[in-house]
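> got a predicted structure plus its sequence, pasted below:
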Amino acid sequence: MSSATTWSVALVGVDATLVEVEAAIGSGLPKTVLVGLPDTSLYEARDRGHAAVSSVGLPWPNQLVTINLSPASLPKTGSHYDLAIVTAVLAAAGSVPSELAGEVVMMGELGLDGRVRPVRGILPALLAAREAGFSRAVVPAGQVGEATLVDGVTVWGVNSLLDLVDVLHGRPVLLPPIVAHPRNVDRHAPDLSEVVGQDEARFALEVAAAGRHHLFFTGPPGVGKTMLAERLPGLLPDLDLAESLEVSAIHSLAGHDLNEGLITRPPYADPHRSASMAALIGSGRRVARPGAISLAHRGILFLDEAPEFSPRTLDALRTPLESGVATISRAQIQARFPARFQLVMASNPCPCGNHGQVTAACRCSATAVRRYSERISGPILDRIDLHQQLVPVRRAYLKAQLGTGESTATVAQRVLEARARQARRLAGTPWTTNGEVPGAYLRSGLPAALGLELVDEALVSGRLSSRGADKVVRVAWTLADLAGHDRIRREDLAAALTMRRGTREAAA
């Protein structure tokens, strides 16, 4: 009996496990057996491999072929094992050298004609391979750019099974040169200077960006809720290298093209209000895929017309908002995806949008208004740091303020300075922004705030929950950072309390 080994990677969420692919050719009737808990798409790899090998003129063993995927207790899914399976069989048959095959990690799907097709998850797979000590990898030629983002790994790109055979024999494979193209910068990106008026909402946006606070806009149609939300990503600093790798790995698992390089800007996701829970949180009967909250990791998740989302879908955000992780549980696997996003929601005051407005009559009954507001549950609203109510801007004010608003670059510089103050204060901790700091550290690890009796009064009166009190202190720290204070002052707490409940309610 002859045998050979090569390697691939099992991806369960963002967790990657190296899989040893073993092939043994023994006596017996011609048959190919695949073991090691493969799913249907993976079990079909034996037939794809057989057809691909035959199509390029190579022999498939005319004996009993047993292919084992180890660890055998780990469920495996996907077509990216094709290259490794075929390589192990060809090495066991003596068609390719087995020495190099046993030192290489392989990812790629095979077509029946021997072509190698792209697969998901190249970046997280090679990051895991590097951590396990591998320094060589074979990937589809069209994904070499993504694979080379992982330093310390020699990457060979293959267009076909014949290219793979050449690589394993040590013969050079000529591919078009890789030209590094930086990600396109949108010169027409939305700018904050285009938002006329709404000074309080603009400041709330700045505070949210500076401290990574969740934000809720409410107001009638056309006052600028969506415009403001779309301009929030421009206020955020670039991702550092660790964050960039983390975000890029998630997008690789979603099948996005990363040949242009790592994602260096905070992502922005705005799912439609008809999105299902699976689309928002993540799904996958066999292959777990990240949802919108994970695609917005380290960036912005914007839910426009939030009451129009299914209440059950919105309530599914409770745990990710606190833990920063989306977990998808199935019978045999539990996949997890990072989901530390910044939530921005926008809502009209009622179904017609005119409740409480002087300029237009509301057509909704009191019951309809109440039901509309109750579609967003109390526990979700309690997790929102900043509540901002917008009102229509008068025409005269629009003319007077046209072109006088601060630009995104100007506000982003203040946000960057505030983030730097937070980073210095939180040095040596797992957190970098105020929005991430847990309540216990707020109360014991940071200088005491002045004016805490304001928070105590709100707690006693029932206007704040314990969670809400912590969020007020976090926002107060951000206000202090924007103002250049080294300690929370009474006015910072008073402003944070006002921003917690919204301008209209606070003024009442």
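That came through fine. Residues are numbered from 1 along each chain as shown.
> quick one: Arg312 and Pro271, what's the gap?
15 Å (C-beta to C-beta, to the nearest Å). Heads up, the C-betas are built off the backbone N, CA and C, glycines and all.
> cool, and Ser55?
42 Å.
> ok so His355 is a strand residue?
No - His355 is assigned coil when assessed by DSSP: H, G, I helix; E, B strand; the rest coil, not a strand.
> please verify my assumption that it contacts Ala368.
No - judged on C-beta atoms under 8 Å, His355 makes no contact with Ala368 at a distance of 9.2 Å.
> quick one: which of these two has more around it?
His355 (20 against 15; other C-beta atoms under 10 Å).
> check contacts around the more buried one.
Residues in contact with His355 (C-beta atoms under 8 Å, 6 or more residues apart in numbering) are Pro349, Cys362, Cys364, Val369.
> so how far is Arg501 from it?
Taking C-beta to C-beta, one finds His355 at 18 Å from Arg501.
> ditto for Ala420
29 Å.
> got it, and Ala423?
To Arg501, Ala423 is 29 Å away according to C-beta to C-beta.
> please say which of those two ends up with more neighbours.
In terms of neighbours (other C-beta under 10 Å), Arg501 is the more surrounded of Ala423 and Arg501; the figures are 19 against 12.
> mind listing what's buried in stretch 476-486?
Residues of stretch 476-486 classed as buried by neighbour count (16 or more other C-beta atoms under 10 Å): Ala476, Trp477, Thr478, Leu479, Ala480, Asp481, Leu482, His485.
> hmm, I typed the wrong one, I wanted stretch 436-455.
Neighbour-count burial for stretch 436-455 flags Glu436, Val437, Leu442, Leu446, Ala449, Leu450, Gly451, Leu452, Leu454, Val455 (criterion: 16+ other C-beta under 10 Å).
> now it: mean pLDDT?
Mean per-residue pLDDT for stretch 436-455: 86.
> got the contact list for it?
212, 340, 425-426, 429, 431, 464, 466-467, 469-470, 472-474, 476-477, 486-494, 497.
> may I see the ChimeraX selection of the buried members of those residues?
ChimeraX command restricting the contacts of stretch 436-455 to the buried ones, with burial defined by 16+ other C-beta under 10 Å:
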select :212,340,425,426,464,469,470,472,473,474,476,477,488,489,492,493,494,497
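> which of the contacts of stretch 436-455 fall within helices?
Residues of the contacts of stretch 436-455 located in helices (DSSP state H): 425, 466-467, 469-470, 472-474, 476-477, 490-494, 497.
> so how far is stretch 438-456 off the chain centroid?
Relative to its parent chain, stretch 438-456 has a centroid offset of 31 Å by C-alpha atoms, centre = their mean, to the nearest Å.
> CA atoms of it as PDB?
This file holds the C-alpha atoms of stretch 438-456, laid out as PDB (Å, rounded to 0.1, in the frame of the first residue of the first chain):
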ATOM      1  CA  PRO A 438     -16.800  48.100  31.100                       C
ATOM      2  CA  GLY A 439     -18.600  49.600  34.000                       C
ATOM      3  CA  ALA A 440     -16.300  48.100  36.700                       C
ATOM      4  CA  TYR A 441     -13.300  49.900  35.200                       C
ATOM      5  CA  LEU A 442     -15.200  53.100  34.800                       C
ATOM      6  CA  ARG A 443     -15.900  53.100  38.500                       C
ATOM      7  CA  SER A 444     -12.600  51.900  39.900                       C
ATOM      8  CA  GLY A 445      -9.800  52.300  37.300                       C
ATOM      9  CA  LEU A 446     -10.400  55.900  36.200                       C
ATOM     10  CA  PRO A 447     -10.400  59.200  38.000                       C
ATOM     11  CA  ALA A 448     -13.700  59.900  39.800                       C
ATOM     12  CA  ALA A 449     -16.000  62.200  38.000                       C
ATOM     13  CA  LEU A 450     -17.300  65.500  39.400                       C
ATOM     14  CA  GLY A 451     -21.100  65.900  39.600                       C
ATOM     15  CA  LEU A 452     -22.000  62.300  39.900                       C
ATOM     16  CA  GLU A 453     -25.000  63.300  42.000                       C
ATOM     17  CA  LEU A 454     -26.700  64.100  38.600                       C
ATOM     18  CA  VAL A 455     -26.400  60.500  37.600                       C
ATOM     19  CA  ASP A 456     -27.600  59.400  41.100                       C
END
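> now do the strands in the stretch 1-150 of the chain.
Ranges of strands in the stretch 1-150 of the chain, per DSSP state E, counting those that start in this stretch, are 2-12, 15-26, 31-35, 64-70, 105-106, 109-110, 116-117, 136-140.
> got it, and the stretch 251-400 of the chain?
Going by DSSP E, counting those that start in this stretch, the stretch 251-400 of the chain shows strands at 268-269, 282-283, 289-290, 300-303, 325-329, 334-338, 342-347, 386-389.
> show me the one of those that comes nearest Phe203.
Closest approach to Phe203 among those (C-beta to C-beta): strand 386-389, 8.9 Å.
> sheet-wise, list the partners of that closest one with their directions.
Within its sheet, strand 386-389 is paired with strand 215-218 (parallel), according to DSSP bridges.
> same for the next helix-or-strand element following the strand it pairs with, what does it pack against?
Following strand 215-218 in sequence order, the next helix or strand is helix 225-231 (DSSP states H and E). Contact here means 3 or more C-beta pairs under 8 Å, 6 or more residues apart in numbering; DSSP states H and E; on that basis helix 225-231 packs against helix 199-211, strand 215-218, strand 300-303, strand 342-347.
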